[in-house]
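[1] Pasting a predicted model and its sequence here:
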Amino acid sequence: MDIIITEKISGKAIEELKKTYDVLGDEDLWKDRDSLSRRISEAKAMIVRNQTKVDGKLLEATQSLLVIGRAGVGYDNIDVEAASKHGIVVCYAPNENSISTAEHAFALILALYRKIPAGHLSTANGHWDRFKFLGNELFGKTLGILGLGKVGARVAIRARAFGMKIIAYDKFLSRYGYLVTEAGADLKSLDEVFVNADVISCHLPLTDETRGMVNYSKLQLMKMGSIIINTGRGELIVERDLVRALREGIIAGAGLDVREKEPPPESELNRMENVVLTPHVAGLTVEAQEKVIDSVAGDVRRVLEGLAAVNYVNFPLPKKGEAKSGQ
């Protein structure tokens, strides 16, 4: 077996790989650790999404694995340090679904501000309660962005078209950096963003520092009537604290595409009219997925052919054995 695909990943680029390599595609393989360990011991390449936990223990089973392709922008489900110790290239798609994710973040903002999901359900059930769904304008409101990177900056640019003021927290950017100036953002401290924003949109990566960053003490700083959006990583928000803040009326709503645990357990969030939930689909558009798969499959092919990966996390060429160009 040359390449194993452990989740639901398909497209023209995958079909092209199959013309040259022996490819096993099993969208449920990530659920069976024993089978996954057996398969990974045979493979030269592995392509995953976010549900496959590629940890050090799993990588101990590798014998000839040269490259792991992560079909997406985040790679916190992959132990990059362990992969590097085994000489395995980790590649990903850092830009390809940024537009789709930014658009989805804005869809959640608009859905909450104009109470669209609740309004739809009420109207579809035969009601016509116009003033029950009195909404708010985005014009003149302040959008606070946590993480002004590839997605956060795109959200900011779209928000400016709605007449919003942009403030942002990003410890790695300077006041006159490209993303800051082009997004029209004013850099603030983390607390200042929570205090001043009407809408907060989360776009930070998951690290030891950012895990649980949005907790009850931070939510208490937010304005009455403000909302929070998360299309970044679910673990950025402490969900029990979010439920408490919503229940107590500290904030007016939340839009969540990502959760602390996925799939999430039963939660009070499921029954709140001022919460909009989607199943980690911000980057799942036809266009974005085609670009993501093209990028990752292209890098996997390059590594197997002995060439350098373009979008790599650790290093561009494997540091063990020699890559081969096919069967």
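    Perfect, thanks for sending it.

[2] Contacts only, for Thr207.
    Taking C-beta atoms under 8 Å, 6 or more residues apart in numbering, we find Thr207 in contact with no residue. For every residue, glycine as well, the C-beta is placed using N, CA and C.

[3] One more: Ala288?
    Contact analysis of Ala288 by C-beta under 8 Å, 6+ apart lists 96-97, 99-101.

[4] how far out from the middle of the chain is the helix or strand hosting it?
    Using DSSP states H and E, Ala288 maps to helix 286-304. Helix 286-304 sits 17 Å away from the centroid of its parent chain (C-alpha atoms, centre = their mean, to the nearest Å).

[5] And stretch 159-171, by the same measure?
    Put simply, stretch 159-171 sits 20 Å off its chain's centre (C-alpha atoms, centre = their mean).

[6] can you give me the end-to-end distance of that stretch?
    Stretch 159-171 has an end-to-end distance of 21 Å (C-alpha to C-alpha, to the nearest Å).

[7] do the same with stretch 232-246
    With C-alpha to C-alpha applied, stretch 232-246 spans 20 Å between its terminal residues.

[8] Name the residues of that stretch that come out as buried.
    Neighbour-count burial for stretch 232-246, counted by 16 or more other C-beta atoms under 10 Å, picks out 232-239, 241-243, 245-246.

[9] who's in contact with that stretch?
    The contact list for stretch 232-246 (C-beta under 8 Å, 6+ apart) reads 74, 76, 146-147, 151, 202-206, 210-216, 219-220, 222, 228, 230, 251, 253-254, 256, 258-262, 267-269, 272, 274-275.

[10] Now which of those residues would you call buried?
    Neighbour counting by 16+ other C-beta under 10 Å classes 74, 146-147, 151, 202-204, 206, 210, 213-214, 219, 222, 228, 230, 251, 253-254, 256, 258-260, 267, 269, 272, 274-275 among the contacts of stretch 232-246 as buried.

[11] What are the structural domain limits within the chain?
    Annotated domains of the chain cover 3-96+286-304, 98-277 [automatic domain parsing].

[12] I'd like those laid out as a markdown table, including mean pLDDT and distance to Val310.
    Listed next are these as a markdown table, based on pLDDT from 0 to 100; distance: least, C-beta to C-beta, whole Å:
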| stretch | mean pLDDT | distance to Val310 |
| --- | --- | --- |
| domain 3-96+286-304 | 95 | 6 |
| domain 98-277 | 97 | 16 |
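
[13] Would you tell me which one of the contacts of Ala288 comes nearest to Glu305?
    Comparing the contacts of Ala288 against Glu305 with C-beta to C-beta places Glu96 closest, at 21.2 Å.

[14] who's in contact with the spatially closest residue to the closest one that is not a sequence neighbour?
    Counting by C-beta to C-beta, 6 or more residues apart in numbering, Lys291 is the residue found nearest to Glu96 once chain neighbours are left out, at 3.8 Å. For Lys291, the contact set (C-beta under 8 Å, 6+ apart) comprises 93, 96-97.

[15] Tabulate those residues (CSV), appending neighbour count and distance to Phe133.
    Conversion of these to CSV gives the following (neighbours: other C-beta atoms under 10 Å; distance: C-beta to C-beta, whole Å):
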residue, neighbour count, distance to Phe133
Ala93, 27, 38
Glu96, 24, 36
Asn97, 25, 31
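
[16] What is the nearest of those residues to Leu190?
    Distances from Leu190 to these, taken by C-beta to C-beta, are shortest for Asn97, at 25.8 Å.

[17] so what's the closest one up against?
    Asn97 makes contacts with 72-73, 282-285, 288-289, 291-292, as judged by C-beta under 8 Å, 6+ apart.

[18] what's the closest of these to Phe139?
    Using C-beta to C-beta, Ala282 is the member of the contacts of Asn97 that lies nearest Phe139, at 24.2 Å.

[19] Find the residue closest to the closest one in space, skipping its chain neighbours.
    By the measure of C-beta to C-beta, 6+ apart, the closest residue to Ala282 outside its immediate chain neighbours is His104, 3.7 Å from it.

[20] likewise Leu277?
    Leu256 (5.5 Å).

[21] show me what contacts the one you found?
    Per C-beta under 8 Å, 6+ apart, neighbours of Leu256: 229-230, 234, 237, 269, 275-278.

[22] Output those residues in CSV; the columns should cover distance to Asn125 and secondary structure.
    Compiled in CSV, the contacts of Leu256 are given as follows (distance: C-beta to C-beta, whole Å; DSSP: H, G, I helix; E, B strand; the rest coil):
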residue, distance to Asn125, secondary structure
Ile229, 27, strand
Asn230, 29, strand
Gly234, 31, helix
Ile237, 31, strand
Leu269, 22, helix
Val275, 19, strand
Val276, 18, strand
Leu277, 19, strand
Thr278, 21, coil
